[in-house]
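*Asks:* prediction below, plus the sequence it came from.
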Amino acid sequence: MTALKFAFLEEPPFCFTGALGEVSGCDVELARRLGEMLGLASFKPIETEFAELLPGLVEGRWTMTTGLFVSEERKRLVDFTRPIWALQDGLLVAKDNPRGFRGYQSIARDRTALLGVITDQVQHLTALHNGIAPEQIRMFATQADAADAVANGMVHAYASVAMAHRGYLTRRPEMPLGLVGVPASEKQPSAGAFAIAKGNSALLRSIDACLDALLGGDWHRQMMARYGFSDSDIDRVV
């Protein structure tokens, strides 16, 4: 393997494409640094949609994906590195939160409320576990699609990682949207990790060894701080 082919989504602050076409984000910078430590000749970011991340990995279209929440179902399909972050859910809502949402359960109590989720993301199951009815949930392919749906009133909230919502709002401050944190009583912070295809145990061990050396160090903390992560955010996975 001479290149690290890295599958990513447009989901700041984890991964995003800049005005000049450059790919940035905390997951991107960490993956690029891993490629350097592994002695690979090049780093090739490949944009895709969430639903294609794991199938593309299984089919060999890329070497590694951006960070994903680790679940038993996903572990049957692919292998995961050690955790690279542990994050809390949040709701993207209309500006000033006109429906007064305080988390998943407040949406469940409002039977006229509609919740947007990204197809196959874990927030879909979390919403169901917190009492939101299946008919209240609408599926979207991308972060931008779901955020637009909240802005134009197609849905009343969009569930994802709170940090992803913050990243989106930082880059799109003109959008009439706000963020509501999901309380820990409804969802504890969950760990995410890079995914690689099964059958690459040597690569997995090498990546984990590099992550052990990087995570929590000065370079990592300074890099993550540029994307809005605090020391306490990092300490959850160190």
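*Replies:* Yep, that arrived.
*Asks:* can I see the domain layout of the chain?
*Replies:* 3-85+191-235, 89-181 (automatic domain parsing).
*Asks:* as TSV, those domains with mean neighbour count and mean pLDDT would be great.
*Replies:* Yep, even glycine has a C-beta here, placed from its N, CA and C like the rest. Formatted as TSV, the domains of the chain follow (neighbours: other C-beta atoms under 10 Å; pLDDT from 0 to 100):
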stretch	mean neighbour count	mean pLDDT
domain 3-85+191-235	17	96
domain 89-181	18	97
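*Asks:* name the residues that touch the top helix by length along the chain?
*Replies:* Longest helix of the chain, by residue count under DSSP state H: helix 201-214. If you take C-beta atoms under 8 Å, 6 or more residues apart in numbering as the criterion, helix 201-214 is touched by 1, 30, 33-34, 37-38, 63-64, 79, 81-82, 84, 194, 196, 220.
*Asks:* tell me which of these fall in strands.
*Replies:* 64, 79, 196 (DSSP state E).
*Asks:* can you pull the contacts of the second one?
*Replies:* Shown here is residue 79, whose contacts under the criterion C-beta under 8 Å, 6+ apart are 195, 196, 197, 198, 200, 201, 204.
*Asks:* mind picking the two most distant members of the contacts of helix 201-214?
*Replies:* 1 and 220 (23.8 Å; C-beta to C-beta).
*Asks:* excluding chain neighbours, what is closest to residue 187?
*Replies:* Using C-beta to C-beta, 6 or more residues apart in numbering and skipping residues adjacent in sequence, the residue nearest residue 187 is residue 89, 4.9 Å away.
*Asks:* same question but for residue 25, I mixed them up
*Replies:* Nearest to residue 25 is residue 15, by C-beta to C-beta, 6+ apart, at 4.0 Å.
*Asks:* may I have the beta-bridge partners of that neighbour?
*Replies:* Here residue 15 sits in beta bridges with residue 11, as judged by DSSP bridges.
*Asks:* just checking, it touches residue 68?
*Replies:* No: contact status for residue 15 versus residue 68: not in contact, 11.8 Å apart, counting by C-beta atoms under 8 Å.
*Asks:* ok, residue 205 to residue 5 distance?
*Replies:* 19 Å (C-beta to C-beta, to the nearest Å).
*Asks:* next one: residue 137
*Replies:* 33 Å.
*Asks:* re earlier: residues touching the residue nearest to residue 25, list them.
*Replies:* Residues near residue 15 by C-beta under 8 Å, 6+ apart: 8, 9, 23, 24, 25, 27, 28, 45, 66.
*Asks:* let's see 10 Å
*Replies:* 6-9, 23-29, 31, 45, 47, 66-67, 164, 167 (C-beta atoms under 10 Å, 6 or more residues apart in numbering).
*Asks:* give me the subset of those residues lying in strands.
*Replies:* Counting by DSSP E, the contacts of residue 15 contribute 6, 7, 8, 23, 24, 45, 47 to strands.
*Asks:* how near is the fifth one to residue 16?
*Replies:* From residue 24 across to residue 16, the span is 6 Å (C-beta to C-beta).
*Asks:* what's the overlap in contacts for those two?
*Replies:* Contacts common to residue 24 and residue 16, judged by C-beta under 10 Å, 6+ apart, are residue 227.
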